[in-house]
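**Q** Sequence first, then the predicted structure, then my questions.
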Amino acid sequence: MLKEIRELGFPAVELGHAVRFSLWPGVLKAWEEDLIKIRSLHNFCPVPTSVFRPNPNCYEFSDPRPIVRKSARKASEETIRQASKLGASAVVFHLGRAGPSGVTDKLEKLYLEGRFLDRRYAEIKVRAVQQRKKNFERVWPVVKECLDPLVAMAGEMRVRLGFEIREVFEEFPHEEEMVQVLEAFPREVVGYWHDFGHSARKEFLGWHSHAETLKLRAPRLIGCHIHDCERPQDDHLPLGHGEIDFSSLLPLVPENAIAVLELSPNTSEEQIIASRHLWNSFAAASV
C-alpha cells in the first residue's frame with residue numbers, strides 16, 4: 001500500500017483510521033526502510049483490536065458511558081505512542097458529538113427540495129442552535145476530562161493534536177465552540193485541523209463562511225485534509241470535480257501546515273495524480 005502511494009509521487013503520508021493492526025508490521029517495515037515518511041496519524045490508528053470495522057467514531061469522548069470514554073482514551077494513547085515512534089508530528093482527533101440528532105439530514109433534504117433558508121429551514125436551524133447551547137454545558141466538561149491526560153501525554157512525546165472541523169452540525173465542536181475548546185489547551189500541543197470538504201458542506205447549509213473560519217483558525221492550524229465537494233454533501237471528490245475555490249482559500253493556509261489529500265477510495269490513479277498537480281499549482285500561485 002505504502003509503496004504504491006510512494007510510486008504515485010507522494011513522499012509522505014497520513015496513516016488513516018482504517019489501518020488495521022494486521023497491517024502494522026508492513027507499515028513499520030516501510031518506515032524502517034525509509035520508503036516513505038509518515039507526517040500524521042488519524043485517531044484511532046491502528047484500528048483497536050476490539051473494533052470489528054474501522055470507524056474513527058467507534059469510541060467517543062462525549063459518550064455518556066464511562067467505559068466507552070475509557071476505551072476512547074486508551075485507543076488514543078496508543079495512537080499517540082505510535083505517532084511518536086514513527087516520527088509523525090501530529091494526530092488528527094474527532095472529539096465526539098453533542099446533538100441534537102437528525103438536524104443535518106433534515107436540512108439537506110430541504111436543500112435538495114429547493115427550500116434553502118425558507119421558514120421551515122430557518123426554524124430547524126434556530127431550534128438546533130438553542131438546544132446545542134444547552135447540550136454544550138453538559139458535553140464539554142466530559143470531553144475535556146478525557147482530553148486533559150491525552151494532551152499532557154502528547155506534550156511529553158512532542159506530538160501535536162489537531163482537532164478536526166466536522167462535517168455535520170451534530171458533531172462536536174461546531175465552529176463557535178471550537179474557540180473555547182482550543183483556548184483550553186496549550187497551543188504548542190493542541191491546534192486546529194481544517195477539512196476543506198467538511199467546511200464546504202457546512203457553508204452550503206449556511207452554518208458558516210468557509211473562508212472566514214479558515215482565516216480565524218489559521219494561527220492555530222496544524223494541517224488540513226484536502227478534497228473537493230459538490231453541494232450539499234458529496235465530498236471526498238478529486239480536486240476540480242466539485243465547487244470549492246481552492247485558489248482563493250489556499251493563501252489562508254499557513255506554509256508550514258501539513259497537507260493531506262483525503263480522497264474517496266473510488267478515486268482513480270489518474271484523478272489522484274491530477275489532484276496532486278492541481279494542489280501544487282494552487283500552492284505555487286499563492287506564494
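**A** Structure's in. What do you need? For clarity, every value in this text was computed on a predicted model and none was experimentally measured. Numbering: from 1, shown residues only.

**Q** For stretch 253-264, buried residues please.
**A** 253, 257-263 (16 or more other C-beta atoms under 10 Å). Every residue, glycine included, has its C-beta placed from N, CA and C.

**Q** Mind putting these into JSON lines with secondary structure, distance to residue 175 and pLDDT?
**A** JSON lines is the format used below for the buried residues of stretch 253-264 (DSSP: H, G, I helix; E, B strand; the rest coil; distance: C-beta to C-beta, whole Å; pLDDT from 0 to 100):
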{"residue": "253", "secondary structure": "coil", "distance to residue 175": "17", "pLDDT": "94"}
{"residue": "257", "secondary structure": "coil", "distance to residue 175": "18", "pLDDT": "95"}
{"residue": "258", "secondary structure": "strand", "distance to residue 175": "21", "pLDDT": "96"}
{"residue": "259", "secondary structure": "strand", "distance to residue 175": "21", "pLDDT": "95"}
{"residue": "260", "secondary structure": "strand", "distance to residue 175": "21", "pLDDT": "97"}
{"residue": "261", "secondary structure": "strand", "distance to residue 175": "24", "pLDDT": "96"}
{"residue": "262", "secondary structure": "coil", "distance to residue 175": "20", "pLDDT": "97"}
{"residue": "263", "secondary structure": "coil", "distance to residue 175": "24", "pLDDT": "96"}
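
**Q** could you pull out the helices for the chain?
**A** Ranges of helices within the chain are 2-7, 24-32, 66-86, 103-112, 119-157, 175-183, 196-204, 210-217, 246-249, 269-286, based on DSSP state H.

**Q** quick one, which of these is nearest to residue 231?
**A** Judged by C-beta to C-beta, the one of these that comes nearest to residue 231 is helix 196-204, at 4.2 Å.

**Q** ok and the closest one relative to helix 175-183, angle-wise?
**A** 140 degrees (axes from the mean of the first three to the mean of the last three C-alpha atoms, to 10 degrees).

**Q** I'd like to know which elements helix 196-204 is packed against.
**A** helix 210-217, strand 221-226, strand 228-230, strand 234-237 (3 or more C-beta pairs under 8 Å, 6 or more residues apart in numbering; DSSP states H and E).
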